[in-house]
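>>> Based on what follows, work out the 3D shape:
(2 chains)
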Amino acid sequence: MSEVTYLEAIRQALFEEMDRDENVFCLGEDIGAYGGAFKVTDGLMAKYGERRVIDTPISEAAIIGAAAGAAHMGMRPVCEMQFIDFISTGYDMLTNYVATARYRAMLPCPMVVRGPSGGYVRGGPFHSQNPEAAFLHTPGLKIVYPATASDAKGLLKAAIRDDDCVLYFEHKYLYRRIKEELPTGDHVTPIGKARIAREGKDVSIITYAATVWKALEAAEQLEKEDGLSVEVVDLRTLLPMDDEAIVATVKKTNRVLIVHEDTRTGGVAGEITARINESAFEWLDAPILRVTAADVPLPYSPPLEDYVLPQTSDIVVALRKLAAY
Amino acid sequence: MKPSQSESGGALSREQKLELYYFMRLTRSLEERLVNLYRQTKVVGGLFRSLGQEADAVGSAYALDRSKGDVLSPLIRNLGSMLVQGAKPNEIIKQYMAKGDSPTRGRELNIHYGDLVRGFIGQISHLGDMVPVMAGVTLSFKMRKENRVGLVYVGDGATSTGAFHEGINFAAVQRCPLVVIVENNGYAYSTPLSKQTAAKQLVDKAIGYGIAGEQADGNDVIATYEVTKRAVDRARGRRCNTYRAHHLPPERPRRARQSIVRAGRRDRAVGGGERPDRPLSQGTCERRIRKH
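Here you go, the predicted structure:
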């Protein structure tokens, strides 16, 4: 079996699900004839035709709203946001219509909204965002954010098959930089279950998406240099969060560092901290620390972006602080 | 474009015309009953009547074919359209009274509920949002080659929203079998049409979307039925999605305007203030502004 990139894993999931279920269809800007801004949907239109691969106008609200309408009628749309930064123009439809549909109207919305997310690519403030926090507090949505190629495939399949709206964030930095041998067969990753990326005893890092890899680098470094055993938990799903896995790692190491690429204030780390406080406070030997992006719009120039975003060295510093407490 | 008046109404049988009257009368009676319940504080929140607009909702909904599985999306002043599609008065009353066995189990208010089997879909409060949703519903009809049509209502105010624009544009370019009814009663809450758009008439917007547009007198139930039937047939024939502006003239007959003003004054005396909500006539609007 050959290794497959994160991007190719997403493509495999799309093709396999389009094959498996004729109700699945894709809609988004430039996804059909052009094959997508990152070529994720390349070849889909040639195989499945214009009817199931729709090139839309620049209308995120209509893309999301129309997907909801089609989903009510039993179809399974997969919407693409060309860059996830543009999901904000569909915020109203997503949070007010889609997220509330099951609760207020018993109307399911089995749809996926996916898009390239994240930075480290010198994309500037509007091509590098991580929007998960904006949707975390919207009851009725699900949010997944894979860090590995095999989870990229497994989670997209799970998202398409889920009867609720799933926001599927794919990290553009990881598209072609990570490769993995994928499991064979119909590989589906369960939504709502975290993954232990690295076992450890002394300190836990809870993280997701691209910073999983920076956490692993920091863990390697600390093992070599400090003899510290660092556990890395890859959340994979942000909503519903895997509370069991979070509590388990707290009980195991008693020292927690949360790392995410999104900005600090109101970011997911605050929510995780509150949950640990509520359910595992006595198990803590140190305050919960967090490493996040600074609270600024993401700058473009490389040294500026590198300063704002979490780097492996930031994680190392935080781990040492935590270990020494 | 002159609003089309009803011609002979010859396409409708006597029974059908009686049915149209039945639904208009039911809308009016049901809303009057809700007003009573509201005054007894048995209806909570707000009451949103379609007083004076019953013909528009009923006439247009009547043009759909329920047996073919047509679906409509009502807004707050389209109770009549829901009744035509088979909504039951006791469901409406349970909704307004927040009963645990209301169609939404007390989770959503007034007529915000739907039933895809009967052919109507529950709205949300954000105006314009139902247009993209109905674009998607009718997109599924097209994709599955079903002989069904969708119909969505917006008011004059909602034509200013981004969701309206994106939804119609999407439906137009995707050639979805969708009829959009714009009910112009001259006001969006208190905002007159002159503050809503610089367009000479709302039906002119159709040209910009590349779709057919037609205008009718919304207070003429036969004319409303006929113009909507044309649009529905056109959509079913897959020629295009169409846009209907139903003009409810602000120059209402003097008697009607007086009755709205009178009712408004009465409600303020009871301490209703802003409630129950209803389309305001010019007179009532000015009076309230002066009070502040």
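>>> any idea which helix is longest in chain B?
As assigned by DSSP state H, the longest helix anywhere in chain B is helix B:14-39.
>>> ok, now which ones touch the residue nearest in space to the middle of chain A?
Against the mean C-alpha coordinate of chain A, by C-alpha atoms, centre = their mean, the closest residue is A:Y145 at 1.5 Å. With contact set as C-beta atoms under 8 Å, 6 or more residues apart in numbering or on different chains, A:Y145 has these partners: A:117, A:132, A:168-169, A:171, A:208-209, A:235-238. From N, CA and C alone the C-beta is placed, and that goes for glycine too.
>>> Now flag whichever of these is closest to B:G136.
Nearest to B:G136 among these: A:Y168, at 18.8 Å, using C-beta to C-beta.
>>> In terms of helices and strands, where is that closest one?
In this assignment (DSSP states H and E), A:Y168 forms part of strand A:166-171.
>>> Run the chain-centre distance for that strand.
Relative to its parent chain, strand A:166-171 has a centroid offset of 5 Å by C-alpha atoms, centre = their mean, to the nearest Å.
>>> What pairs with that strand, parallel or antiparallel?
With DSSP bridges as the test, strand A:166-171 is paired with strand A:112-117 (parallel), strand A:142-144 (parallel).
>>> What's the mean pLDDT across the last one?
In this case it means strand A:142-144. For strand A:142-144, mean pLDDT rounds to 98.
>>> any idea how far it is from the chain center?
7 Å.
>>> Find the nearest non-adjacent residue to A:S88, please.
A:P131 (6.9 Å; C-beta to C-beta, 6 or more residues apart in numbering or on different chains).
>>> Pull up the gap between that neighbour and chain B, please.
In this structure, A:P131 and chain B are 19 Å apart, going by C-beta to the nearest C-beta, to the nearest Å.
>>> can you map out the strands along the stretch 201-325 of chain A?
Ranges of strands within the stretch 201-325 of chain A are A:203-207, A:230-234, A:237-239, A:256-263, A:289-293, based on DSSP state E, counting those that start in this stretch.
>>> Out of those strands, which gets nearest to A:E22?
Set against A:E22 and scored by C-beta to C-beta, those come closest in strand A:237-239, at 27.4 Å.
>>> picking that back up, could you list the residues in contact with the strand holding A:Y168?
Counting by C-beta under 8 Å, 6+ apart, A:6, A:10, A:40, A:84, A:87, A:94, A:111-118, A:130-132, A:135, A:141-147, A:152, A:155-156, A:158-159, A:191, A:209-210 sit against strand A:166-171.
>>> mind listing the helices in chain B by residue range?
Secondary structure of chain B (DSSP H): helices located at B:14-39, B:54-62, B:79-84, B:89-96, B:130-143, B:162-173, B:193-196, B:205-209, B:221-236, B:254-270, B:282-291.
>>> want to throw the ones you listed into CSV with mean pLDDT?
Shown next, in CSV, are the helices of chain B (pLDDT from 0 to 100):
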stretch, mean pLDDT
helix B:14-39, 97
helix B:54-62, 96
helix B:79-84, 97
helix B:89-96, 96
helix B:130-143, 98
helix B:162-173, 97
helix B:193-196, 96
helix B:205-209, 95
helix B:221-236, 95
helix B:254-270, 32
helix B:282-291, 28
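>>> Same list (the ones you listed) but as TSV, adding distance to chain A and mean neighbour count.
TSV is the format used below for those (distance: least, C-beta to the nearest C-beta, whole Å; neighbours: other C-beta atoms under 10 Å in any protein chain shown):
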stretch	distance to chain A	mean neighbour count
helix B:14-39	20	16
helix B:54-62	19	29
helix B:79-84	14	28
helix B:89-96	11	19
helix B:130-143	3	28
helix B:162-173	4	25
helix B:193-196	19	14
helix B:205-209	11	17
helix B:221-236	15	23
helix B:254-270	29	13
helix B:282-291	28	13
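>>> what residues does chain A put near chain B?
Residues of chain A lying near chain B by C-beta under 8 Å from any C-beta of the partner chain: A:25, A:51-52, A:54, A:56-57, A:59, A:61-75, A:77, A:92-93, A:96-97, A:100, A:103-107.
>>> List buried residues within those residues.
Buried members of the residues of chain A next to chain B, scored by 16 or more other C-beta atoms under 10 Å in any protein chain shown, are A:25, A:52, A:54, A:56, A:59, A:61-73, A:75, A:77, A:92-93, A:97, A:100, A:104-107.
>>> before we move on, the earlier item: pipe the contacts of A:Y145 into JSON lines and attach pLDDT and neighbour count per row.
Shown next, in JSON lines, are those (pLDDT from 0 to 100; neighbours: other C-beta atoms under 10 Å in any protein chain shown):
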{"residue": "A:S117", "pLDDT": "98", "neighbour count": "29"}
{"residue": "A:E132", "pLDDT": "98", "neighbour count": "23"}
{"residue": "A:Y168", "pLDDT": "98", "neighbour count": "27"}
{"residue": "A:F169", "pLDDT": "98", "neighbour count": "27"}
{"residue": "A:H171", "pLDDT": "98", "neighbour count": "28"}
{"residue": "A:Y208", "pLDDT": "98", "neighbour count": "30"}
{"residue": "A:A209", "pLDDT": "98", "neighbour count": "26"}
{"residue": "A:L235", "pLDDT": "98", "neighbour count": "26"}
{"residue": "A:R236", "pLDDT": "98", "neighbour count": "26"}
{"residue": "A:T237", "pLDDT": "98", "neighbour count": "27"}
{"residue": "A:L238", "pLDDT": "98", "neighbour count": "25"}
